[in-house]
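>>> Take a look and give me a structure for this.
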Amino acid sequence: MLKVHETTRPDGALAPVFVFVEDGALGITSEAGTFALPDGALDAVMARYGKPLETSERLTSVGALDLGDGRVLRHVRHLARYDVIARDFLVYEVAGAEPLCALATTVAGALDHLGRAASAR
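Next up, the predicted model:
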């Protein structure tokens with residue numbers, strides 16, 4: 001299980017968002033519930049929002065989740081020279097392909113939406 005994001009509840013408390021692998025299938029859990037993600041959801045989200053990872057940037061590793069089949073999802077933190085607060089990113093690594101990087105809040109939101117939509121069917 002990998003924590004990929006946090007949202008702020010109305011009372012100010014933080015609510016974590018996790019991505020997990022169970023029986024080879026990817027899922028997401030948040031305050032909205034726990035949902036299985038459709039096949040290819042992470043690939044599609046990262047293809048849509050991800051950009052090639054700039055290897056010269058200094059990243060702090062927060063955690064990683066082995067997705068199997070040579071795929072890894074990493075949670076990293078980056079503090080740019082002009083930022084006051086570090087930003088969280090997700091890096092999607094697939095064997096034989098260039099790693100893709102996207103803001104964690106964007107990926108978490110898209111995956112949560114896809115999980116809720118798939119469960120509503």
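>>> What mean pLDDT does the helix of greatest length in the chain get?
Longest among the helix segments of the chain by residue count, using DSSP state H, is helix 104-120. Here the mean pLDDT over helix 104-120 is 92, rounded to a whole number.
>>> Thought Gly50 was touching Thr106, still the case?
No: the pair Thr106 and Gly50 does not pass the contact test of CB atoms under 8 Å, sitting 9.3 Å apart. In short, each C-beta sits where N, CA and C put it, glycine included.
>>> So those two - more neighbours on which side?
Residue environment comparison for Thr106 versus Gly50 gives the larger neighbour count to Gly50, 22 against 16, counting by other CB atoms under 10 Å.
>>> Could you double-check that the more buried one lies in contact with Glu98?
No: using CB under 8 Å, Gly50 and Glu98 do not qualify as a contacting pair, with a distance of 9.7 Å.
>>> measure Ile32 to Ser119 for me?
One thing to correct before we go on: residue 32 is Ala, not Ile. Between Ala32 and Ser119 the distance, using CB to CB, to the nearest Å, works out to 10 Å.
>>> Is the residue of the chain most remote from its centre in a helix, a strand, or coil?
Distance from the C-alpha centroid of the chain, by CA atoms, centre = their mean, peaks at Asp11 (24.7 Å). The three-state label for Asp11, taken from DSSP: H, G, I helix; E, B strand; the rest coil, comes out as coil.
>>> now the end-to-end length of stretch 75-92.
According to CA to CA, to the nearest Å, stretch 75-92 extends 9 Å from its N-terminal end residue to its C-terminal end residue.
>>> ok now that stretch, how far from the chain's centre?
A distance of 13 Å separates the C-alpha centroid of stretch 75-92 from that of its chain, computed with CA atoms, centre = their mean, to the nearest Å.
>>> and it, which residues are buried?
By 16 or more other CB atoms under 10 Å, the buried positions in stretch 75-92 come out as 75-76, 78, 88-92.
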